[in-house]
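okay, here's the prediction I keep looking at, along with the sequence it came from:
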2 protein chains.
Amino acid sequence: MKLSANEEYGMRCLVRIAYNAQGLTIPEMSQAEGVSPAYAAKILRVLRKGGFVKAARGKEGGYTLARPAENIVIGEVMDALGGKLFESDFCDSHSGQHAICTRSVDCSVRSLWRAVQVSVDQVLSKTTLRDLMQNEEEMNSFVRMIPGPNGLRVM
Amino acid sequence: MKLSANEEYGMRCLVRIAYNAQGLTIPEMSQAEGVSPAYAAKILRVLRKGGFVKAARGKEGGYTLARPAENIVIGEVMDALGGKLFESDFCDSHSGQHAICTRSVDCSVRSLWRAVQVSVDQVLSKTTLRDLMQNEEEMNSFVRMIPGPNGLRVM
DNA sequence: AGCAATCTTGACTAAAAAGTACGGATTAGC
DNA sequence: GCTAATCCGTACTTTTTAGTCAAGATTGCT
Ligand code: FES
Ligand code: FES
């Protein structure tokens, strides 16, 4: 259960763009993130296809947010970058004689995966790009208020 | 953010062993899970090295739990099978000029990853192998009581 | 129009993860 | 002590993911 390279770089690129209203070019992003221009381009492509950033070509071109940061939900970004942990068709694929995964209709392991997915979504669906445009301490306070009165004890 | 093959098969193998107090052999596991014996062996090795199961060699051999199911915390099993999503040294490795990931001491993205990790741990650290030895409905009820009064709305 | 800065795309290569193969070691039963 | 059933470890192959390359297309400037 790892963050993929796409997810890791993608999120950072998106935050950088959010901070640069005038636009960021591939060479600039490459420099900032310390990856090759070609790789930066590949990552930005995913973000563009996901509809989170838009690109302007030609001189004076570059990437900007496709919509205001507060309308960009991190859960959707993460889906575009790396997909869900557990999708409803997850259990359709595994073979073997299902004695625990009984006939795919009664399986406690599936229930566990679903619970983990829900738990992750609780954080990601409530966080927008705007929330990430603040310092770490502020972000920690924000996150402590998820999901309910109890919140997450992050620190 | 995907479950690795190790995590997926590893958890299922462990549950199967939990259900078979008399022990399960590699060929049996292979059959049950529909994977090659060699692959079943590889997965079981990880579980053994993690200290969750023990193996008996020779005729009449096979795998059994190393300790009672209620003492096996799923969070620890998942760590052994696939590692943490976010470890404290995660941010030491990424290069580039840190203007958002400012000098690695102030980064809202890191805070997000940490929050996701905490959220996952809230589920996994409270679940034991014993909890998985019940049907899906019972497991759902159990999981609804995590982490606090609010619980997870799984269904 | 011509040029330079920029994004776009698909194909390629490298690295990591998933899955296989095989020779070796241990144990129970005879 | 022999044999069959079992686990053990390493090295190999395949598949997936990560990362690179090169040729093309768009735009602003002069
Ligand atoms: S049915 Fe998918 S893990 Fe059991
Ligand atoms: S310091 Fe690691 S994501 Fe920012």
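Yep, it's here. Ligands and ions are numbered 1, 2, ... in the order given.

residue numbers of chain A in contact with DNA strand D?
Counting by CB under 7 Å from any atom of the strand, chain A comes close to DNA strand D at A:4-6, A:9, A:35-36, A:38-39, A:41-42, A:56-61. Just so you know, the C-beta spots here come from the backbone N, C-alpha and C atoms, and that holds for glycine as well.

show me what contacts the spatially most central residue of chain A?
Centroid check for chain A by CA atoms, centre = their mean gives A:Met78 as the closest residue, at 2.2 Å. Going by CB atoms under 8 Å, 6 or more residues apart in numbering or on different chains, A:Met78 touches A:7, A:11, A:124, B:1.

what about these, which are in strands?
Among the contacts of A:Met78, none falls in strands (DSSP state E).

and which of the residues you listed is nearest to A:Gln134?
A:Met11 (14.9 Å; CB to CB).

so how far is the helix or strand hosting A:Leu112 off the chain centroid?
If you go by DSSP states H and E, A:Leu112 is part of helix A:108-124. Offset of helix A:108-124 from its chain centre (CA atoms, centre = their mean, to the nearest Å): 16 Å.

and if you look at stretch A:68-76?
The answer for stretch A:68-76 is 10 Å, by CA atoms, centre = their mean.

which residues sit against it?
Under CB under 8 Å, 6+ apart, the answer for stretch A:68-76 is A:11, A:14, A:18, A:50, A:52, A:65, A:121, A:124-125, A:127-133, B:112.

that stretch near ligand 2 anywhere?
No. Shown here: stretch A:68-76 not in contact with ligand 2 (CB under 6 Å from any ligand atom), separated by at least 13.2 Å.

avg pLDDT for that stretch?
In this model, stretch A:68-76 has an average pLDDT of 97.

now it: buried residues?
Buried residues in stretch A:68-76, counting neighbours by 16 or more other CB atoms under 10 Å in any protein chain shown, are found at A:69, A:72-75.

same question, stretch A:10-30
A:10-18, A:20, A:23-26, A:28-30.

now narrow the residues you listed to whatever sits close to DNA strand C.
Okay, of these touching DNA strand C (CB under 7 Å from any atom of the strand), that's A:24-26.

tell me which of those is nearest to B:Ile100?
When those are ranked by distance to B:Ile100 (CB to CB), A:Leu24 comes first, at 11.6 Å.

enumerate the residues of chain A near ligand 1.
For chain A, the residues in contact with ligand 1 (CB under 6 Å from any ligand atom) are A:91, A:94, A:101, A:104, A:107, A:109-110.

lowest pLDDT pick from those residues?
A:Ser104 (58).
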